[in-house]
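Sequence and predicted model, in that order:
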Amino acid sequence: MYLFDSNVCIRLLNENVSSNMARKLAELTPDNIRLCSVVKSELYYGAYRKYKARSQIWSNQWFEVRRLGIA
């Protein structure tokens, strides 16, 4: 059984894994992987911040387009 930390999870999500790591992960089943509550919280918080930032960027672009009278 493996307990992943947030750095490993982020590398996996970004598909930034070495060949050794990819080979080892291919051998694992989901039953062999665990995340502690702190890592789950960190991943949730990071995803929320990323979504909120994208939402804010979209919102700013929308208002800028409206201000310029393009839409």
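That came through, no problem. None of the values given here were measured: they were computed from a predicted structure.

Distance check, Cys9 against Ser19.
Cys9 is 19 Å from Ser19, where distance means Cβ to Cβ, to the nearest Å. For every residue, glycine as well, the C-beta is placed using N, CA and C.

Send me the one helix or strand Ile10 maps to as CSV with only the CA atoms.
Per DSSP states H and E, Ile10 falls inside helix 6-13. What follows is helix 6-13 as a C-alpha-only set of coordinates in CSV (Å, rounded to 0.1, in the frame of the first residue of the first chain):
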residue,chain,number,x,y,z
SER,A,6,0.2,16.2,-2.5
ASN,A,7,3.4,16.6,-4.6
VAL,A,8,3.0,13.2,-6.1
CYS,A,9,-0.7,13.7,-6.8
ILE,A,10,0.0,17.1,-8.5
ARG,A,11,2.8,15.5,-10.6
LEU,A,12,0.3,12.9,-11.7
LEU,A,13,-2.4,15.4,-12.5
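
between the helix or strand just after it and helix 6-13, how big is the angle?
Per DSSP H and E, the first helix or strand lying C-terminal to helix 6-13 is helix 19-27. Inter-element angle recorded for helix 19-27 and helix 6-13: 90 degrees (by axes from the mean of the first three to the mean of the last three Cα atoms, to 10 degrees).

buried stuff in helix 19-27?
By neighbour count on 16 or more other Cβ atoms under 10 Å, the buried set for helix 19-27 is empty.

buried sites along the next helix or strand after that helix?
Using DSSP H and E, the helix or strand that follows helix 19-27 in sequence is strand 33-35. Neighbour-count burial for strand 33-35 flags Leu35 (criterion: 16+ other Cβ under 10 Å).
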